[in-house]
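**Q** Give me coordinates for this.
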Amino acid sequence: MKSPTRRAPFPTITAPHLSRASPGAGAVSRRPWLLAGAALAAASLWLRMGFPAQAVAGAGFDDALFVRLAYALGSGQWLGAFDRLTLAKGMGYPLFIALSAALAIPLKLAEHLLYLGVSAALATALARRLRRPGAGLLLFAALAFNPVLWHPELARIIREGLYLSESLALLGLGAALLLPPRRPRRGRRTWALAGLAGLVLAAYWCTREEGVWLLPALATMAGAVLADRLRRQRRAAARHAALAPRPVHLLRALAPMALAALVGVAGVGLVKSANHLRYGVFLATEFQDERFQRAYGALARIRHDQRQPYVVFPADARRRAYAASAAARELRPALEGENGDLWRRLGCAQTRAEVCPEVLSGWFMWALRDAVWLAGHYESAPRAMAFYERLAREIDAACDSGAIACDAPRAGLAPAFQPDRLPAAAAAAAWLGRALLQLGDGAIGVQPSTGRVDDLAYLQQMVGRIAPPAIQDLSLALRWDAVEGAPLPALAVEAPLPYAPAQWRWEQQTEADAQGPQRLRLLTDCSQPGCRLRVGGADARASALPLQSGGEWRSAAGTLRIEDLRLQQRTVEGQRMRLQQAAARAIAKLYAAVWPLLTLAAFVGWAGALWQWLRRPRQYESLRWMMVLSGGALVAVLTRIALLAWLDAIAIPSTNLLYASPAAPMVLLFTVLGLLLGAGAWRTRGPVSPA
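**A** Down below sits the predicted model:
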């Protein structure tokens, strides 16, 4: 029987703009697509300019730290003078801040330009592989208007603005190295891409500490390419006995990836060497160093009398550690004193936990480092690392000898597996999946910057335009009914986050000797839930009064009552910024309504194309790159969701767009590629032709 005629997944385009033989015609034919892409990029940049950076000057472990390190890098002092925070986080983002400042590009605009550059490279690769410029333009449009980029959490001076571009670039470069395009001088370009991929890998690894989340996606892509090559070699061997599969031919496909890995390791090694020359320790960050990880793991393996969610080192475990280790006893004053209480209150405030007697696991690593600092061991980096080594050795020795009850030895920050937390992880995964499918949680905009005027000016000089602080926030009307002329008690406004203290001032106050009830009014920038009015000064008898109408404080001296609260006008946005944010909000609503359905259709199309590829590999030869890249994007999204869901269940609140943002461009990438692959699979549906 004659085989039915099969159609190609996509019609072959032989237009002059794809022919190398007619460069003049090509320049003319490409112009409409280039102009369309430039228009999309300009529109995306215009929207981005409506979202200035939010500076939190009091965030000494985030915004202020990154800018401080950027100043040191820009002045040629590497990371500056050593203290407990110098090597706490990677230098990738501070270096990017310093480079953008050197080029006089505002930080958020520089982040967006990099993101658009990566998106344009992927779109160009797709257009060339398919010989369909419209497909590349579609991918670029989807990526360029990613609503996650306009989320308030990404407006901060925070690493995710760079990290998501690095993650997307690394995935695209991995696909390009595994399946290089067939063109003249392919070898040279492939090795050049391998070097570029290595540099991106080094920057990626030095930006955040959880870089391993992308490895399953890269491994899946490499495995798919090797399996496809092995299958094709076996088919060839079946036709020609002399063409038996050779392992060297299979491994040759991984050579560019291996070179990229070597360049990446060398790049991270250079950072470690610079830290060794400057501070005497060969490491990139302390959290990635094995000595810190062993110390953390040793404390975490001590058994608890009763397991508490999110708690790594409770009071009973601390008592056992103090009894068994001289190094642990040095930390007792800080862990049991004001430092431990500060980190306990900070974690409890951010998780909004009603009952919170211990430092939670997401904050314990910082409480531990501060305790080591307060014990005097951060005079130098070698001394700090030596202390972590001694702490780990003493605790592990006590555990191994049976002096204290412990679990199995461990090293690292990953919490122990807790089966009872699986339902909580599933709920967190559902939230993350929904938020990523909708490309956001509905929040668009920029919060006002916070901090002292001179601190904000210090940040703005490095990062460019920032959102101005709020002019007025909360106005409180107070009434003081004194008993026999008793003076007004001391008042202060307390913020829920210790690192961002509330600011307040009197707007109106009656004279202390006025007859009758005194009526007062004060202004404060603390309008978020959890803000309180502290009455009575800093003594133990002071009370914290929630900021709400009708709140009342009574004492023998009199009664203080909050009669009224009024939210004052916040930062005034310009007409252009309001228009930009309104347009971005409309686009975000469109994505939220449409993209989940498109992703579902893309998954069906991708699965159909995968089935067709497995049945007719030769017919889908030109689409291998799309199959591999889309599969890697899908694995990356699922890995990120699983990682964050498990962390949210057992360690630290992670159901937020900030942590999920690196996976958002990969959702867009998978959806567009899946739809295109599904269209190709539909064109080639039908029975398989007999061999």
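**Q** neighbours around the closest residue to residue 415 other than its chain neighbours, how many?
**A** Counting by CB to CB, 6 or more residues apart in numbering, residue 415 lies nearest to residue 650, which is 4.7 Å off, once chain neighbours are set aside. Every C-beta, even on glycine, is put in place using the N, C-alpha and C of the backbone. Neighbourhood size, residue 650 [other CB atoms under 10 Å]: 21.
**Q** cool, and residue 518?
**A** Residue 518, neighbours per other CB under 10 Å, totals 20.
**Q** do you know how far the residue nearest to residue 415 is from residue 399?
**A** 21 Å (CB to CB, to the nearest Å).
**Q** Ends of stretch 438-455, what's the gap?
**A** 37 Å (CA to CA, to the nearest Å).
**Q** buried set for it?
**A** Using 16 or more other CB atoms under 10 Å as the test for burial, stretch 438-455 gives 438-441, 444-451, 455.
**Q** Then stretch 120-140?
**A** Neighbour-count burial for stretch 120-140, with 16+ other CB under 10 Å as criterion, is recorded at 120-123, 125-127, 129-133, 135-140.
**Q** now do stretch 355-373
**A** Buried, per 16+ other CB under 10 Å, within stretch 355-373: 356, 358-373.
**Q** now, which of these lie within helices?
**A** Judged by DSSP state H, helices contain the following of these: 361-373.
**Q** and residue 477, that's in a strand?
**A** Yes. Counting by DSSP: H, G, I helix; E, B strand; the rest coil, residue 477 is found in a strand.
**Q** Next one: the residue nearest to it when sequence neighbours are not counted, what pLDDT does it get?
**A** Leaving out its chain neighbours, the residue that sits closest to residue 477 by CB to CB, 6+ apart is residue 564, at 4.0 Å. Residue 564 is assigned 82 on the pLDDT scale.
**Q** can you check residue 667 too?
**A** At residue 667, pLDDT is 97.
**Q** tally of neighbours for it?
**A** Per other CB under 10 Å, the neighbour tally for residue 667 reads 27.
**Q** Could you do the one 3 residues further on as well?
**A** Neighbouring residues of residue 670 were enumerated by other CB under 10 Å; the total is 24.
**Q** so what's it up against?
**A** For residue 670, the contact set (CB atoms under 8 Å, 6 or more residues apart in numbering) comprises 599, 602, 606, 630, 633, 634, 637.
**Q** least confident pick among these?
**A** For those, the model is least confident at residue 606; its pLDDT is 91.
**Q** tell me which residues of stretch 159-170 are tucked away?
**A** Residues 159, 160, 161, 162, 163, 164, 165, 166, 167, 168, 169, 170 are the ones in stretch 159-170 that count as buried (16+ other CB under 10 Å).
**Q** average pLDDT across it?
**A** pLDDT averaged over stretch 159-170 gives 96.
**Q** what do you get for stretch 209-226?
**A** Mean per-residue pLDDT for stretch 209-226: 91.
**Q** Just the CA atoms of it, as CSV, please.
**A** Extracted in CSV, the C-alpha atoms of stretch 209-226 (Å, rounded to 0.1, in the frame of the first residue of the first chain):
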residue,chain,number,x,y,z
GLU,A,209,22.9,30.7,46.7
GLU,A,210,20.3,28.2,45.5
GLY,A,211,21.6,27.8,42.0
VAL,A,212,21.2,24.0,42.0
TRP,A,213,17.4,24.4,41.2
LEU,A,214,18.3,24.8,37.5
LEU,A,215,20.5,21.7,37.3
PRO,A,216,17.5,19.3,36.8
ALA,A,217,16.3,21.2,33.8
LEU,A,218,19.8,21.2,32.2
ALA,A,219,20.3,17.6,33.0
THR,A,220,16.9,16.7,31.4
MET,A,221,17.9,18.6,28.3
ALA,A,222,21.2,16.8,28.1
GLY,A,223,19.6,13.5,28.7
ALA,A,224,17.0,14.0,26.0
VAL,A,225,19.7,14.9,23.4
LEU,A,226,21.9,11.9,24.4
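**Q** Can you give the contact residues for that stretch?
**A** 89-90, 167, 170-171, 174-175, 178-179, 204-205, 250, 253-254, 257, 285, 287-288, 624, 627-629, 631-633, 635-636, 639-640, 643.
**Q** thinking again about what came up before, spit out the contact partners of the residue nearest to residue 415.
**A** By CB under 8 Å, 6+ apart, the residues touching residue 650 are 309, 310, 361, 415, 418, 421, 425.
**Q** Between these, which sits nearest residue 474?
**A** Among these, residue 310 lies closest to residue 474 (CB to CB), at 31.0 Å.
**Q** Now do the phi/psi pair for that closest one.
**A** Here is the backbone geometry of residue 310 (degrees, to the nearest 10): phi 70, psi 10.
**Q** Next one: the residue lying closest to it once chain neighbours are set aside relative to residue 415, how far apart?
**A** Nearest in space to residue 310, with sequence neighbours left out and distances taken as CB to CB, 6+ apart, is residue 360 at 4.5 Å. Distance of residue 360 to residue 415, given as CB to CB: 11 Å.
**Q** now do residue 46
**A** Computed as CB to CB, the residue 46 to residue 415 distance reads 44 Å.
**Q** where in the stretch 551-691 of the chain is pLDDT low?
**A** Applying pLDDT under 70 to the stretch 551-691 of the chain flags residues 567-573, 617-622, 684-691.
**Q** residue boundaries of the helices in it?
**A** 575-615, 624-650, 657-660, 664-683 (DSSP state H, counting those that start in this stretch).
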